[in-house]
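Enquirer: Got a predicted structure plus its sequence, pasted below:
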Amino acid sequence: MRNILLDVVIPAAGVGSRMGSSIPKQYLKIQNIEIIAHTISVFLNLPYINNIIVVLSKEDSYFKSLPIASHKKIKLAQGGKERADSVLAGLYQSSTEYVMVHDAARPLLTELDVNKLVDEAIADDCSGGILCSAVSDTLKLESDGLIAKTVDRSHMFRAFTPQLFKTKDLIKALQDGFLNNALITDEASAMERAGFKVKLVSGRSDNIKITTQDDLFIANALFEYRGRKCE
């Protein structure tokens, strides 16, 4: 299904307060390159990507200074208070039938996983899909700080990005969620709520989102390891 063009929306309006940094986490560096630049570069190498719509806060003073910001495929949009608001702002600028949404602070995504998502998520019996990874840890349900029970993990998956859907369907699902004050944690949750079928596409488990200093340390180590493998 890679004979179509896809836009990518990258919401990057957050400040990343859990990181405890003086700058938004997407502008911290790994191997002397900003996290968001690593993230965007994966999509720039793919021939079926139309535009990359980066959604920034009104106060953002960092992005335009990055070398990657001048790339012809990059468009900018102004974000909102919540992630879903920013995603919707980006979707309004999309011109393709299908669109991918990817976290700005998820720089370890690989081209192989993006290709796999596109190949598997666009199918007749579903409205799109998400990258995911099966849960490997034992899961516990908590109650008042105690273990209530052990949860069966055999059907549990970690939801990653990119998440790929028909643009019009995703816009409608997000708009309906806002009107009903629904809890929208990712694009798939909005689509699920609207009754759409969402496909799970298994991807690499190291497609982590950088949220804390520990995550940043792990990401640095993974980039170094991948670099050594390519030598």
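Expert: Nice, I can see it. Residues are numbered from 1 along each chain as shown.

Enquirer: chain center to stretch 123-132: distance?
Expert: Centroid displacement of stretch 123-132 relative to its chain, using Cα atoms, centre = their mean, to the nearest Å, is 15 Å.

Enquirer: can you offset everything so residue one is 38?
Expert: Let's use 38 as the start, then, which means that last one is stretch 160-169.

Enquirer: Quick one: end-to-end length of that stretch, please.
Expert: 17 Å (Cα to Cα, to the nearest Å).

Enquirer: In it, which residues are buried?
Expert: Cys163, Ser164, Gly165, Gly166, Ile167, Leu168, Cys169 (16 or more other Cβ atoms under 10 Å). Where C-beta positions appear, they are placed from N, C-alpha and C, glycine not excepted.

Enquirer: before we move on, what about stretch 125-145?
Expert: 125-128, 131, 133, 135-145.

Enquirer: Now do the residue most central in space within the chain against Leu183, distance only.
Expert: With distances taken as Cα atoms, centre = their mean, His139 lies nearest the centre of the chain, 2.5 Å away. His139 sits 37 Å away from Leu183, going by Cβ to Cβ, to the nearest Å.

Enquirer: Show me what the longest strand along the chain is packed up against.
Expert: Assignment by DSSP state E gives strand 194-203 as the longest strand of the chain. Here strand 194-203 touches strand 135-138, helix 148-158, strand 165-171, helix 224-230, going by 3 or more Cβ pairs under 8 Å, 6 or more residues apart in numbering; DSSP states H and E.

Enquirer: can you give me the angle it makes with strand 165-171?
Expert: 170 degrees (axes from the mean of the first three to the mean of the last three Cα atoms, to 10 degrees).

Enquirer: which element follows strand 194-203 toward the C-terminus?
Expert: Sequence order places helix 204-216 as the next helix or strand after strand 194-203, per DSSP states H and E.

Enquirer: now that next one, how far from the centre of its chain.
Expert: Worked out by Cα atoms, centre = their mean, helix 204-216 lies 17 Å from the chain centre.

Enquirer: picking that back up, now the longest strand of the chain: mean pLDDT?
Expert: Rounded to a whole number, the mean pLDDT of strand 194-203 is 97.

Enquirer: go on, stretch 101-114?
Expert: Stretch 101-114 comes out at a mean pLDDT of 96.

Enquirer: Which of the residues in that stretch are classified as buried?
Expert: Quick answer for stretch 101-114 (16+ other Cβ under 10 Å): Leu103, Ile105, Ile111, Lys112, Leu113, Ala114.

Enquirer: in this protein, what secondary structure element scores lowest on mean pLDDT?
Expert: helix 250-267 (a mean of 85; mean pLDDT, DSSP states H and E).

Enquirer: same for that one, what does it pack against?
Expert: strand 66-67.

Enquirer: Can you list the strands that the strand it packs on pairs with?
Expert: strand 70-71 (antiparallel) (DSSP bridges).

Enquirer: which residues sit against the strand it pairs with?
Expert: Gln63, Tyr64, Leu65, Tyr99, Leu103 (Cβ atoms under 8 Å, 6 or more residues apart in numbering).

Enquirer: tell me the mean pLDDT over it?
Expert: Averaged across strand 70-71, the pLDDT comes to 96.

Enquirer: Output the following helix or strand past it as CSV - backbone C-alpha positions only.
Expert: Next in sequence after strand 70-71, counting helices and strands by DSSP H and E, comes helix 72-81. Once non-C-alpha atoms are left out, helix 72-81 reads as follows in CSV (Å, rounded to 0.1, in the frame of the first residue of the first chain):
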residue,chain,number,x,y,z
ILE,A,72,15.3,14.7,19.7
ILE,A,73,12.7,16.2,17.4
ALA,A,74,15.2,16.3,14.6
HIS,A,75,16.0,12.6,15.0
THR,A,76,12.2,12.0,15.0
ILE,A,77,11.5,14.0,11.8
SER,A,78,14.5,12.6,9.9
VAL,A,79,13.0,9.1,9.8
PHE,A,80,10.0,10.3,7.8
LEU,A,81,12.1,12.5,5.5
